[in-house]
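Visitor: Following is a predicted model, sequence given first.
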Amino acid sequence: MMEMLEKMTRTQRCTRPEGRALDAMRPVQLELNAQRHAEGSTLIRMGGTHVLVAVSVENGVPPFKRDSGSGWLTAEYAMLPRATHTRSRRDISRGKVPGRSAEIQRLIGRSLRAVVDFEALGERTLTVDCDVLEADGGTRTAAITGAYVAVAQAAASLLLQGDIQRWPLTHQVAAISVGLVDDEARLDLEFVEDQAAQVDLNVVGTGDGELVEVQGTAEGRPFRRSELDTMLELAVTGIDQLLKAQRRALEPVMEEVRELNARHRRTAPPKDEGSLWGPPG
């Protein structure tokens, strides 16, 4: 499998926009504190895709979680009218959430809930709002990657204020798109590639190499198991790069937590670095 990836890299035809290599990602930027009132917020830029993520913390949980002693996380996703080449109607004007938006926000929620220790959170709800400002492919995967950073920032705020007593995130989580275009496996598809893709795959993975979700669709032709393996290997390399970008963005926040721990200002401090970040990626 790795030989297939190495061969693909050596023989890449540079047919991608901007001459990007088949296994290369677009530039990734993660900006914290994008909204000053939110408990956690991030503006993630992946090439021409820009997603604003804000996390709100509320005391209380949905009825099915009441008196359980554990919390909940839910997500909402929307695209601004001119995030794309032509104007799209706002969800509120439709009277309901469109099927695509509903499916994406469920994916975001599942991805984040997979790495949250809800007992550590207590009976609190984290609401993750993901708004696409500019869309150029990979909006759902960018939303998941940025949302983890915003959730971690909100978790740090709760910990620093003494509202919770232990770190509530068990792992990092990030997501990336891969696909087959012109029979080539490509990482991090942008819009023109996504439109031409024979196979479209979205992969969500954790910091310890586990998969949360794989969404794959044959849009131009059926694909072989060997091609799926190649795409998954590409996705893993992309997710690893995103995990590193998340850690860089969160370093100032986690440094505050480490300093507080060193001054013994709260009970039950994290015992080590793994207690802050979860198992190493």
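Guide: Noted; the coordinates are in hand.

Visitor: how close does Ile164 get to Gly205?
Guide: Remark: distance between Ile164 and Gly205 (Cβ to Cβ, to the nearest Å) = 26 Å. The C-beta positions use only the backbone N, C-alpha and C, and glycine is treated the same way.

Visitor: Looking at the two, which is more packed in?
Guide: Gly205 (27 against 20; other Cβ atoms under 10 Å).

Visitor: Okay, buried residues for the top helix by length along the chain please.
Guide: Taking DSSP state H as the criterion, the chain has its longest helix at helix 225-262. Within helix 225-262, the residues that count as buried by 16 or more other Cβ atoms under 10 Å are 227-228, 230-235, 238-243, 245-247, 249-250, 253-254, 257, 260-261.

Visitor: next one: it to chain centre, how far?
Guide: Between the centre of helix 225-262 and the centre of its chain there are 10 Å (Cα atoms, centre = their mean, to the nearest Å).

Visitor: If you count contacts, what does that helix end up packed against?
Guide: helix 2-10, strand 28-32, helix 139-160, strand 173-181, strand 184-187, strand 199-206, strand 211-218, helix 273-277 (3 or more Cβ pairs under 8 Å, 6 or more residues apart in numbering; DSSP states H and E).

Visitor: Relative to Ala21, which of these is closest?
Guide: helix 2-10 (6.9 Å; Cβ to Cβ).

Visitor: which non-adjacent residue is nearest Pro27?
Guide: Counting by Cβ to Cβ, 6 or more residues apart in numbering, the nearest residue to Pro27 once its immediate chain neighbours are dropped is Gly47, at 6.4 Å.

Visitor: Could you give the number of residues near that neighbour?
Guide: Counted with other Cβ under 10 Å, Gly47 comes out at 21.

Visitor: Need phi/psi at it.
Guide: According to degrees, to the nearest 10, the main-chain angles of Gly47 amount to phi 60, psi -130.

Visitor: cool, and the one 3 residues further on?
Guide: Here is the backbone geometry of His50 (degrees, to the nearest 10): phi -120, psi 130.

Visitor: Was I right to think it contacts Glu31?
Guide: No: with contacts counted by Cβ atoms under 8 Å, His50 stays clear of Glu31, the gap being 10.0 Å.
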